[in-house]
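**Q** Give me a 3D structure for the following:
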Amino acid sequence: MKIKIITAVFLTLTFIGYSQGFNPFDAGNSRNQIQTKSSITNDLEGSPYFEDQFSPGIIQEEGVKNQTAYIRYNVVDDQIEVKVGPSQTEIYILPRQQKFTYKLKDYYYALGSYKVKDVGVINGFIINYYSSDNIIFIAKPSSKVIPGQIAKTGYEKAKPATLDIDVNYYIGQPGSTFEEVRLKEKDFKKLLGDKKGMKEYFDNNRIKDIEDVVNMLKYYDTIK
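**A** Below you'll find the predicted structure:
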């Protein structure tokens, strides 16, 4: 399998449909050179990807018609990978530019930089779960290698090194310093509970997952 790195803007092309033989990511449809590189394999267990598989989505580029595609995020390389169709073998990488947004069903990816209290600056591709003029809820996946273990006796099996993906969540107002949060009700209540109407919301609703957080923030935005 090869990964193609597109070094030119190609989304001005009209998407006719991969099933009809037109590939907007193909080198023949771009005026500039496309570099290729072979995929890298290693002995680590675990996946470097945030999504289990390529997921249907939309690539949005400022001032250009949207492009349908299949998308996944490589956490280790901090890079978005794209396919035209789910069965396609070639994988494409667009130029690393802020004008591209990669939208999936419940969130989108965009290059960004955010200052976080007691953490510093997080940057690269950021997952945006909710964004309004009042509040933004984002996440940044990270990877680490858990060392393997050799077999200490003839009865034990060696454990290979494992690649582990973790996710940190952040919330804040546009242009402000963000706060790191867990998907726990008390974290959001501490930051947002003083606003009129939010105490009652937390009394009547539980925050257990991302969907709960998004629904809570939608309510938060309705309060004047």
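**Q** pLDDT on stretch 51-61, on average?
**A** Mean per-residue pLDDT for stretch 51-61: 94.
**Q** roughly how far is it from the heart of the chain?
**A** Its chain's C-alpha centre and that of stretch 51-61 lie 9 Å apart, by C-alpha atoms, centre = their mean, to the nearest Å.
**Q** Check which residues of it are buried.
**A** Phe54, Gly57, Ile59, Gln60, Glu61 (16 or more other C-beta atoms under 10 Å). Heads up, the C-betas are built off the backbone N, CA and C, glycines and all.
**Q** Check stretch 210-224 too.
**A** Result for stretch 210-224 [16+ other C-beta under 10 Å]: buried residues Ile210, Val213, Met216, Leu217, Tyr220.
**Q** Just the strands from the protein, written as ranges.
**A** Assigned by DSSP state E, the chain shows strands spanning 2-6, 34-38, 55-61, 64-74, 79-83, 91-93, 100-103, 108-116, 120-131, 136-146, 162-172, 179-181.
**Q** What about the buried residues of stretch 210-224, which are in helices?
**A** Under the assignment DSSP state H, those contribute Ile210, Val213, Met216, Leu217, Tyr220 to helices.
**Q** What sits closest to the first one if chain neighbours are left out?
**A** Translated: Ile210. Spatially, and ignoring its direct neighbours in sequence, Ile210 is nearest to Tyr129 (5.9 Å; C-beta to C-beta, 6 or more residues apart in numbering).
**Q** Hmm, that neighbour is touching Tyr109, no?
**A** No - using C-beta atoms under 8 Å as the test, Tyr129 is too far from Tyr109 to be in contact (11.1 Å).
**Q** Show me which of the two is the more surrounded one.
**A** Shown here are Tyr129 and Tyr109; by other C-beta atoms under 10 Å, Tyr109 has more neighbours (22 against 18).
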